[in-house]
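>>> Below is the structure, and that's it, no one-letter string:
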C-alpha cells in the first residue's frame with residue numbers, strides 16, 4: 001500500500017473561495033499526486049450571502065488545484081439564528097441526497113470530513129462512505145451540541161438532547177475521530193459507546209497556512225507601518241463568541257493614555273455593531289479594515305507588534321484552540337490572549353505572549369500596556385518562542401503526513417475485512 005496514490009473525498013460545508021484551512025489540506029494532497037474530490041455547498045461564509053464572484057462565474061470554481069469541486073444547492077446563512085439553522089440542515093440534506101447522486105460513479109479510498117459547525121456535515125460523508133465501502137474520518141473542530149448552547153443558537157434542552165443523539169450516532173459510525181484539542185477527548189467519549197476502540201480517537205490539531213511562516217518578508221497594502229504606535233491586530237470572524245465588546249472596552253480604557261492602535265480585520269455578525277460603537281464612542285485608536293483575502297494576512301501580521309485572540313468563557317470554549325492561534329504562533333509575533341483553557345495554556349507554555357481571563361477588559365488593557373512598554377528584544381524573544389513551539393507541535397508537513405498514514409492504514413484494514 002505505501003506509495004499508492006489515494007482517491008480522497010473531502011466533505012465540507014465551507015470551501016474555497018471561502019477562507020478555510022481545508023483549502024490548504026486539499027491543495028497539499030493534490031500536490032502529492034492524490035486524486036481529491038470536494039463535496040461542498042455555495043460560498044456564503046461569513047457574510048451570509050453567496051459571493052458575487054461565484055454568482056457571476058460559478059464554472060470558475062469547479063476546480064481547485066486539480067481537485068474536482070462538486071457543489072450542492074443550499075440555503076445561505078443570512079444574519080439570523082433561524083436562517084443559520086436552516087443553512088445547516090439544508091446542506092446535510094442536499095449533500096446526502098444530491099451529493100450521493102452526483103458522486104455515484106466515483107470510487108474513494110477515504111472520506112474526510114471537515115467538521116467545524118455544523119457536525120451534521122458528517123452525515124452525508126457517512127452515507128457516501130457506506131455506499132463506497134470507504135473509511136470515514138471526521139475532523140472534530142467544534143463540540144456539538146455544547147457549542148450550540150454556548151453561542152445561544154439553541155436554548156431548548158429538548159432540542160439539545162436531540163442533537164446529542166445525532167452526535168452520538170455520527171461518532172459511533174465514523175472510522176476515526178480526529179480531535180483538534182486534548183480538551184476534546186473526554187467530551188467526545190461521552191457520546192461514544194463504552195467499548196469504543198480508543199485508537200479511533202486521534203489527536204489532530206490545526207496548522208497555519210504556509211504564508212504565515214514567512215510573514216516578515218511580506219508587505220501590506222492594508223496598513224501603513226508606524227513605529228510611533230504599538231499595533232495590536234485581531235484577525236478573523238467577528239462574531240459573538242469573540243467577545244469584541246470587551247475588546248472595545250479595553251481599547252477605551254487605554255485611549256489617550258498610551259500610543260496603541262487596535263486593528264480589527266474580518267467580517268461577521270458583529271461587524272455593523274462594531275462600526276457603530278467605534279463611531280459613537282469616538283474610538284480613534286480602533287481601526288476596522290473589513291474582510292480581506294487570507295493571502296493578505298501575513299503581510300498585515302508583519303505590521304503588528306502583537307496579535308490578539310479573544311473568546312468568551314464557558315466549558316466548551318475552554319476546551320477549544322481557535323485556529324488563529326496557530327497562525328499567530330507561526331508568524332513569529334507576540335500574542336495577547338483574553339482567553340481561558342487550552343488556548344491560554346498553549347500561549348503560556350510556548351512563552352509566546354501574555355494572557356488574561358476571558359471577559360476581563362482591565363486585564364486585557366494591562367497586559368497590552370505591559371507588551372507596549374516591553375523592550376524590543378523581549379518582544380522578539382516571545383515571537384521566536386512562539387514560532388519554535390509552532391514548528392514542534394503544529395507543523396503542517398508532519399500533520400498531513402500523519403493523516404496520509406492514517407488513510408493508508410484504514411484503507412488497508414478495510415480492504416482486509
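Yes, it's here. What you see is a predicted model; the values in this text were computed from it and never measured.
>>> so where's the stretch 201-350 of the chain uncertain?
Residue ranges of the stretch 201-350 of the chain with pLDDT under 70: 210-211, 213-218.
>>> ranges for the strands of it?
201-203, 230-235, 260-265, 286-290, 306-310, 335-338 (DSSP state E, counting those that start in this stretch).
>>> Just give the number of residues close to residue 50.
16 (other C-beta atoms under 10 Å). Glycine gets a C-beta too; all of them are placed from N, C-alpha and C.
>>> is it true that it lies in a helix?
No. Counting by DSSP: H, G, I helix; E, B strand; the rest coil, residue 50 is not part of a helix but coil.
>>> And it, how far from residue 295?
From residue 50 across to residue 295, the span is 21 Å (C-beta to C-beta, to the nearest Å).
>>> Could you dump the strands of the stretch 201-350 of the chain into CSV and include distance to residue 82 and mean neighbour count?
As requested, those are exported to CSV (distance: least, C-beta to C-beta, whole Å; neighbours: other C-beta atoms under 10 Å):
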stretch, distance to residue 82, mean neighbour count
strand 201-203, 34, 15
strand 230-235, 29, 24
strand 260-265, 27, 21
strand 286-290, 26, 17
strand 306-310, 27, 25
strand 335-338, 30, 28
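>>> Any chance of TSV for the ones you listed, columns distance to residue 244?
Compiled in TSV, these are given as follows (distance: least, C-beta to C-beta, whole Å):
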stretch	distance to residue 244
strand 201-203	30
strand 230-235	8
strand 260-265	8
strand 286-290	10
strand 306-310	7
strand 335-338	10
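>>> Of all these, which one comes closest to residue 325?
strand 306-310 (5.8 Å; C-beta to C-beta).
>>> Among the strands of the stretch 201-350 of the chain, which comes closest to residue 221?
Here strand 286-290 is closest among these (C-beta to C-beta), at 10.7 Å.
>>> That closest one: partners in the sheet, and parallel or antiparallel?
As defined by DSSP bridges, the strand partners of strand 286-290 come to strand 260-265 (parallel).
>>> ok, which stretches of the stretch 51-200 of the chain are helices?
Using DSSP state H, counting those that start in this stretch, the helices of the stretch 51-200 of the chain run over 52-56, 81-94, 100-102, 122-132, 146-150, 157-173, 185-189.
>>> Isn't residue 306 up against residue 369?
No. The pair residue 306 / residue 369 is not scored as a contact, 11.2 Å apart, by C-beta atoms under 8 Å.
>>> So which of the strands of the stretch 201-350 of the chain is nearest residue 407?
Once those are compared by C-beta to C-beta, strand 201-203 is nearest, at 11.9 Å.
>>> Name every strand pairing with the closest one and say which way it goes.
strand 176-179 (parallel).
>>> Show me what the longest helix seen in the chain packs onto, helices and strands only.
Assignment by DSSP state H gives helix 396-416 as the longest helix of the chain. Counting by 3 or more C-beta pairs under 8 Å, 6 or more residues apart in numbering; DSSP states H and E, the packing neighbours recorded for helix 396-416 are helix 21-31, strand 110-115, strand 136-140, strand 176-179.
>>> please redo it, this time with the cut-off set to 10 Å
strand 7-11, helix 21-31, strand 110-115, strand 136-140, strand 176-179, strand 201-203, helix 376-393 (3 or more C-beta pairs under 10 Å, 6 or more residues apart in numbering; DSSP states H and E).
>>> gap between the first one and the chain center?
So that's strand 7-11. Computed by C-alpha atoms, centre = their mean, to the nearest Å, the chain-centroid distance of strand 7-11 equals 19 Å.
>>> what comes up buried for it?
7-11 (16 or more other C-beta atoms under 10 Å).
>>> and if you look at the second one?
Neighbour-count burial for helix 21-31 flags 21-30 (criterion: 16+ other C-beta under 10 Å).
>>> Repeat that for the fourth one.
The neighbour-count criterion (16+ other C-beta under 10 Å) identifies 136-140 as the buried residues of strand 136-140.
>>> Report whether the expected contact of residue 91 with residue 99 is present.
Yes. Counting by C-beta atoms under 10 Å, residue 91 touches residue 99, with 9.4 Å between them.
>>> list residues touching both of the two?
In terms of C-beta atoms under 10 Å, 6 or more residues apart in numbering, residue 91 and residue 99 are both contacted by the residues 11, 40-41, 72, 124.
>>> among those residues, who's most crowded?
Neighbour max across the shared contacts of residue 91 and residue 99 (other C-beta under 10 Å) = residue 11, 32 neighbours.
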